[in-house]
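Asker: Fold the following for me, if possible:
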Amino acid sequence: MLHRGADVELEDLKNILVAHRAWLRNERGGRRADLSLKTLRDLKLPNLQLPRAKLTGVQLINCDLSGAKVHECDFFAANLAGSKFVGADCRESDFRGANLIGVDFSEAQLSGTDFREGSLLVNTGGNMAPPKRDEWTSEKTDTQMNRANLTGAKLRKSIIRKADLSGAILRNADLAGANLDGTSLRDADLRGANLSGCDLSRVQMNRAVIDGASLDGVIMTDANVFGVDLSKAIYGFLDTSATVAVDDSAETQALVSEMIIAHERWVSSSGIDGQRADFSNADLSGNDFSGHNLRGAVFVESRLRSAKFNRTTLDLADFSKSDLTGASFGGANLRGTNFTGANLRRADFRKADLSIETAVLADGTTREWLPRFVECTLDEANFTEARASRLISKNVSVQNAIGDQALLQLFSAQA
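Answerer: Residues are numbered from 1 along each chain as shown. Just a heads-up that it's a prediction; the model follows:
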């Protein structure tokens, strides 16, 4: 039966380490380190030597254990919030049920580790309950495991959302049923890994090696599979229809940035300088165009799933036949924008300006351009607080769209 522990003083910790070192050497007076349910916070402990220690439910909060030797340790239900294990040796350690918020395992040795679910009950005032975990706050709460060695790690049904596993080695790791939503697996080695039933939604898998990996029942909505040879994986059926293949290389991103800069010059100079941006047929899913002036830009038949256009000027832009599933246009200027034939399922138009664009021509006459929503898919699109007076709309259903009824009724009017 475990009882709630207390903070460990630095002098006491030194004595525990001395006794543990003697225990490892089978020397007289040696004693295995047991910090179960104890609390250590804000300590600099680089290169700590604590292999095979008992650390059940320990609270290591915002501690630096970079380069530590903590292999074969019992970290069951430990609270490791904000701590650093950079380059640490954690092989064969038990991390079941551990709190890993803000933990940095970059370049750590994690082969054979167990990160599955687990829960711990302790005796508190005669009652059995989960141990109380101290809070740790920081702007950076993602778990970092980039370039970590997780060969053979047990991660079945674990929750590793929005973690950084880029460049990690996950050969023969068991990730069956794990939730990796939004995690980075860029350049990861997943050879022989079990990913059956995994949620890989929005996962960045760019250039990951998946030879012999099991992908049965995997959810891959908006997963980036650029440079991934899916034919080398093992699966009975794999739905890749909602995946994207975006080149995230520095060279490609620099080219996109150059095109945006040239386009903004083209707009500000009325076409005298710069060049109009034409992103036709490109896969730019997930890219962030927020805040730029892309008035009149061309995105015909492009893939822009989950792309961000928040507060972007897109008056008279052409998105005809483009895939904008889950794209965000929050607060964007969309006066006279063309969405003919576009897939706008789950697109976010909250507070967007869908007004009429009016221009004075050289002969002094004026011309109006209305936003065009012809034969679009608007299922679950959100138009809350969007502004519009007239639209060109044809063969469009807003039955499952969200927004003010007065605005949604505009889509029913035939131009």
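
Asker: what's the spacing between the residue at the greatest distance from the centre of the chain and residue 405?
Answerer: With distances taken as Cα atoms, centre = their mean, the residue sitting farthest from the centre of the chain turns out to be residue 363, at 52.0 Å. Relative to residue 405, residue 363 is positioned 40 Å away (Cβ to Cβ, to the nearest Å). Every residue, glycine included, has its C-beta placed from N, CA and C.

Asker: follow-up on the earlier one: the residue farthest from the centre of the chain: what secondary structure?
Answerer: Reducing the assignment at residue 363 to three states with DSSP: H, G, I helix; E, B strand; the rest coil gives coil.

Asker: And the one 5 residues further on, by the same measure?
Answerer: Under three-state DSSP, residue 368 falls in the strand class.

Asker: Is it in contact with residue 361, as I believe?
Answerer: No. Residue 368 sits out of contact with residue 361 when judged by Cβ atoms under 8 Å, with a separation of 11.3 Å.

Asker: Comparing those two, which residue is more hemmed in?
Answerer: Between residue 368 and residue 361, residue 368 has the larger neighbour count (other Cβ atoms under 10 Å), namely 11 against 8.

Asker: Any figure for the gap between that one and residue 17?
Answerer: Counting by Cβ to Cβ, the gap from residue 368 to residue 17 is 78 Å.

Asker: Likewise for residue 323?
Answerer: Distance from residue 323 to residue 17, counting by Cβ to Cβ: 58 Å.

Asker: With neighbour numbers in mind, choose between the two.
Answerer: Neighbours were counted for residue 323 and for residue 17 using other Cβ under 10 Å; residue 323 has more, 22 against 16.

Asker: Surely the more buried one is in contact with residue 343?
Answerer: Yes. If you go by Cβ under 8 Å, residue 323 and residue 343 touch, sitting 4.8 Å apart.

Asker: pLDDT wise, what is the most centrally placed residue in the chain at?
Answerer: Geometric centre of the chain, nearest residue: residue 182, 2.5 Å, by Cα atoms, centre = their mean. Residue-level confidence at residue 182 comes out at 90, pLDDT.

Asker: mind listing what residue 164 touches?
Answerer: Counting by Cβ atoms under 8 Å, 6 or more residues apart in numbering, residue 164 makes contact with 142-146, 183-184.

Asker: switch the cut-off to 7 Å
Answerer: With contacts taken as Cβ atoms under 7 Å, 6 or more residues apart in numbering, residue 164 has the following neighbours: 142, 144-146, 184.

Asker: hang on, residue 408 in a helix?
Answerer: Yes. Under the criterion used here (three-state DSSP), residue 408 sits inside a helix.

Asker: Next up, the contacts around it.
Answerer: 383, 398, 401.

Asker: Tell me how many other residues surround residue 50.
Answerer: Each residue near residue 50 was counted by other Cβ under 10 Å, and the total is 21.

Asker: so what's it closest to, chain neighbours aside?
Answerer: Counting by Cβ to Cβ, 6 or more residues apart in numbering, residue 70 is the residue found nearest to residue 50 once chain neighbours are left out, at 5.3 Å.

Asker: hang on, that neighbour packs against residue 87?
Answerer: No. Using Cβ atoms under 7 Å, residue 70 makes no contact with residue 87, being 11.7 Å away.

Asker: Neighbour count: those two, which is higher?
Answerer: Regarding residue 70 and residue 87, a neighbour count based on other Cβ under 10 Å identifies residue 70 as having more, with 24 against 19.

Asker: If I look at that one, what pLDDT would I see?
Answerer: In this model, residue 70 is scored at 97, pLDDT.

Asker: Can you give me the pLDDT of residue 306?
Answerer: Value listed for residue 306 in the pLDDT field: 87.

Asker: Excluding chain neighbours, what is closest to it?
Answerer: In space, residue 306 comes closest to residue 326 once its chain neighbours are excluded; the distance is 4.4 Å by Cβ to Cβ, 6+ apart.

Asker: go on, residue 67?
Answerer: Nearest non-adjacent residue to residue 67 (Cβ to Cβ, 6+ apart): residue 47, at 4.5 Å.

Asker: from what I can see that neighbour touches residue 64, true?
Answerer: No. The pair residue 47 and residue 64 does not pass the contact test of Cβ under 7 Å, sitting 10.1 Å apart.

Asker: higher neighbour count, these two?
Answerer: Set residue 47 next to residue 64 and count neighbours by other Cβ under 10 Å: residue 64 wins out with 19 against 11.

Asker: Please name the residues that touch the more buried one.
Answerer: Residues touching residue 64, when contacts are defined by Cβ under 7 Å, 6+ apart, comprise 44-46, 84.

Asker: quick one: contacts for residue 51?
Answerer: Neighbouring residues of residue 51 by Cβ under 7 Å, 6+ apart: 24, 69-73.

Asker: how deep is the residue lying closest to residue 330 once chain neighbours are set aside tucked in, by neighbour count?
Answerer: Here the nearest residue to residue 330 in space, its sequence neighbours aside, is residue 310; by Cβ to Cβ, 6+ apart that works out to 4.5 Å. If you count neighbours by other Cβ under 10 Å, residue 310 ends up with 17.

Asker: Just the pLDDT at residue 310, thanks.
Answerer: In the predicted model, residue 310 carries a pLDDT score of 97.

Asker: Repeat that for residue 120.
Answerer: In this model, residue 120 is scored at 67, pLDDT.

Asker: Likewise for residue 134?
Answerer: We have a pLDDT of 78 for residue 134.

Asker: any idea how far it lies from residue 45?
Answerer: Residue 134 is 18 Å from residue 45, by Cβ to Cβ.
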